[in-house]
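missing the sequence, but the structure's below:
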């Protein structure tokens, strides 16, 4: 008698080979892994696992050891609603036509099946806690349960008591004019930060993490045979930078790196590419260090909440049955290029963002991938990993499964990122070495950066005759990708 399929797979080491064999297995025979999907607001790549020695992110670094760190992952639009609508639909912003924070995701794409909705339609229990779709625009068709935890009356009272106690002690300023009153807020331009006397559990992201674990454990008690898609959205390090005091105290402002910008950096950049605010350009070095310290503090606070989720995976022995995705919805500037803060540019700090994918049985665990990938690749990747069919609408991304098994696998897909300025559209195309940008099809300017020799993007080579052939090739790639 011939071997049964499962015995045959076992003899081949089927546990290890399963992801590679998924496309050939029958639908009923595919193992349905759980999914923990973690989206973080305004998270740039200043993380330990990305090589930042000042970052204190032990939990995200811990996740990285179980998965693949994509070092050249790019969002499709560096703003919350357009980015999230894009990676949740698997479509470019030019296809969703969502390019602001006020237009609901389904305005132009109607009944397109979003990522969590697709999992729900395929038998998954789907739950959202925190920010997944942009605030106030949640997609009810995507979820069995959908929540945004709020502070209770008791938590608000406890917070107020802490504030009053602090006022009674009349603590002196921690640095300069940073005096703790109320939430201890400091503001420079539109940048605002504060440390609180709260416990983690009393902060919104702390409540999100703990509520997500409660939902997970309730599901395991009542429907443990049904796979889950649990989406957890953390708000920090989005402005204002608010976190408990201890996360600020983890970071010495004197050690915060000031952005290094050559005196002539802005001379060759098209004006439309910049989002400089005069008051923030005039920040003192001390103010810059305090602002950067506040960002790092919020990242460390968020990282601790990621740890709550990972501890739950440990407790319930879910690592071997769960795919974990962690991403920042886009990057974030911390004073680069003459004083850029926030996002909404096509520079590396804004368009690039962290992406970590951990999954059972992948061969690339603990490795980094230098291939250029896009956030729209997440949708087909999760379908592949979990054995789901692709949705009926055509996805614009490409499954990252080959790179999860071999991070050095040949990969020839560049990344597109968009930004709209008024009626003009900026388009960036990134390869492993080059980024080329056109503003309004080049009529308002172009940029070319060589990441091999100029990773900070200080020298725009678009008008340098020596790089005319590179510009020509990048134009061709952009035209090809835009056409597709």
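Happy to help now that I have it. Being a predicted model, the structure only gives us computed values, none of them experimental.

got any ranges where this structure has weak pLDDT?
Across the chain, the ranges flagged by pLDDT under 70 are 1-31, 151-184.

show me what contacts the residue positioned nearest the centre of it?
Nearest to the centroid of the C-alpha atoms of the chain, with distances taken as Cα atoms, centre = their mean, sits residue 328, at 1.3 Å. Going by Cβ atoms under 8 Å, 6 or more residues apart in numbering, residue 328 touches 39-45, 75, 353-354. (Each C-beta comes from the backbone N, C-alpha and C, glycine too.)

now it: how far from residue 113?
Per Cβ to Cβ, to the nearest Å, residue 328 is found 24 Å from residue 113.

With residue 307 instead?
Distance of residue 307 to residue 113, given as Cβ to Cβ: 33 Å.

so where's the longest helix in this protein?
The longest helix of the chain (DSSP state H) is helix 285-315.

List the buried residues of it.
Across helix 285-315, burial judged by 16 or more other Cβ atoms under 10 Å covers 287-310, 312-313.

Equivalent analysis for stretch 440-454, please.
The neighbour-count check on stretch 440-454 (16+ other Cβ under 10 Å) flags 440, 444-449, 451 as buried.

among the residues you listed, which are in strands?
Among these, the members found in strands (DSSP state E) are 446-449.

Take those residues and write them to CSV, including distance to residue 124.
Formatted as CSV, these follow (distance: Cβ to Cβ, whole Å):
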residue, distance to residue 124
446, 44
447, 42
448, 44
449, 41
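
so who does residue 241 touch?
By Cβ under 8 Å, 6+ apart, the contact set of residue 241 is 191-194, 291, 294-295, 297-298.

if we look at the sheet, which residues does it bridge to?
As for beta bridges, residue 241 partners with residue 193 under DSSP bridges.

Apart from its neighbours in sequence, what residue is nearest residue 86?
residue 76 (4.2 Å; Cβ to Cβ, 6 or more residues apart in numbering).

My reading is that the one you found lies in a strand. Confirm?
No: using DSSP: H, G, I helix; E, B strand; the rest coil, the assignment for residue 76 is coil, not a strand.

so it sits right up against residue 373, yeah?
No: assessed by Cβ atoms under 8 Å, residue 76 is found out of contact with residue 373, at 11.5 Å.

buried set for stretch 219-236?
Residues of stretch 219-236 classed as buried: 219, 227-236 (neighbour count, 16+ other Cβ under 10 Å).

can you name the two of the residues you listed that are farthest apart?
227 and 236 (29.1 Å; Cβ to Cβ).

Can you pull the phi/psi pair for residue 139?
Taking degrees, to the nearest 10, you get phi -100, psi 100 for the backbone angles of residue 139.

thought residue 42 was touching residue 333?
No: the criterion here is Cβ under 8 Å, and residue 42 misses it with residue 333 at 10.0 Å.

Overlap in contacts, these two.
Common neighbours of residue 42 and residue 333 are listed as 342-343 (criterion: Cβ under 8 Å, 6+ apart).

before we move on, the earlier item: quick one: which of the buried residues of stretch 440-454 is nearest to residue 34?
Closest to residue 34, out of all of those and judged by Cβ to Cβ, is residue 451, at 36.1 Å.

Would you mind confirming that the closest one is in contact with residue 434?
Yes: using Cβ under 8 Å, residue 451 makes contact with residue 434 at a distance of 6.8 Å.

how many other residues sit next to residue 262?
Neighbourhood size, residue 262 [other Cβ atoms under 10 Å]: 12.

So it: helix, strand or coil?
Judged by three-state DSSP, the three-state class of residue 262 is coil.

do you know how far it is from residue 280?
From residue 262 over to residue 280 the distance is 19 Å, taken as Cβ to Cβ.

Show me where the stretch 151-300 of the chain has its strands.
Ranges of strands in the stretch 151-300 of the chain, per DSSP state E, counting those that start in this stretch, are 185-188, 191-196, 228-234, 241-244.

just so I know, which of the ones you listed lies nearest residue 54?
strand 241-244 (15.7 Å).

ok, now how distant is residue 323 from residue 382?
From residue 323 to residue 382 the distance is 7 Å (Cβ to Cβ).

Which of the buried residues of stretch 440-454 sits closest to residue 65?
Using Cβ to Cβ, the buried residues of stretch 440-454 come closest to residue 65 at residue 451, 26.2 Å.

Who's the closest spatial neighbour of that closest one, skipping the chain neighbours?
Per Cβ to Cβ, 6+ apart, closest to residue 451 is residue 433, 5.7 Å.

Check residue 215 too.
The shortest distance from residue 215 to any non-neighbouring residue, by Cβ to Cβ, 6+ apart, is to residue 127 (5.1 Å).

ok so the one you found is a strand residue?
Yes: counting by three-state DSSP, residue 127 is located in a strand.

so how many other residues sit close to it?
Quick note: residue 127 (other Cβ under 10 Å) scores 24 neighbours.

Wait, it touches residue 143, no?
Yes: counting by Cβ under 8 Å, residue 127 touches residue 143, with 6.3 Å between them.

all helices for the stretch 51-200 of the chain, in order.
58-64, 80-89, 93-96, 115-121, 153-169 (DSSP state H, counting those that start in this stretch).

List the buried residues in the first one.
For helix 58-64, the neighbour count (16+ other Cβ under 10 Å) marks 59-64 as buried.

of those, closest to residue 53?
Nearest to residue 53 among the buried residues of helix 58-64, counting by Cβ to Cβ, is residue 61 at 11.8 Å.

separation between the closest residue to residue 52 other than its chain neighbours and residue 333?
Leaving aside its sequence neighbours, residue 52 sits nearest to residue 46 (Cβ to Cβ, 6+ apart; 4.6 Å). From residue 46 over to residue 333 the distance is 11 Å, taken as Cβ to Cβ.

and what of residue 438?
According to Cβ to Cβ, residue 438 and residue 333 sit 21 Å apart.

cool, and residue 136?
Distance, residue 136 to residue 333, using Cβ to Cβ: 25 Å.

which of the two has more neighbours?
residue 333 (22 against 10).

does residue 185 have beta-bridge partners, and which?
Going by DSSP bridges, residue 185 forms beta bridges with residue 194.

Next, count neighbours for it.
Neighbour count for residue 185, taken as other Cβ under 10 Å: 16.
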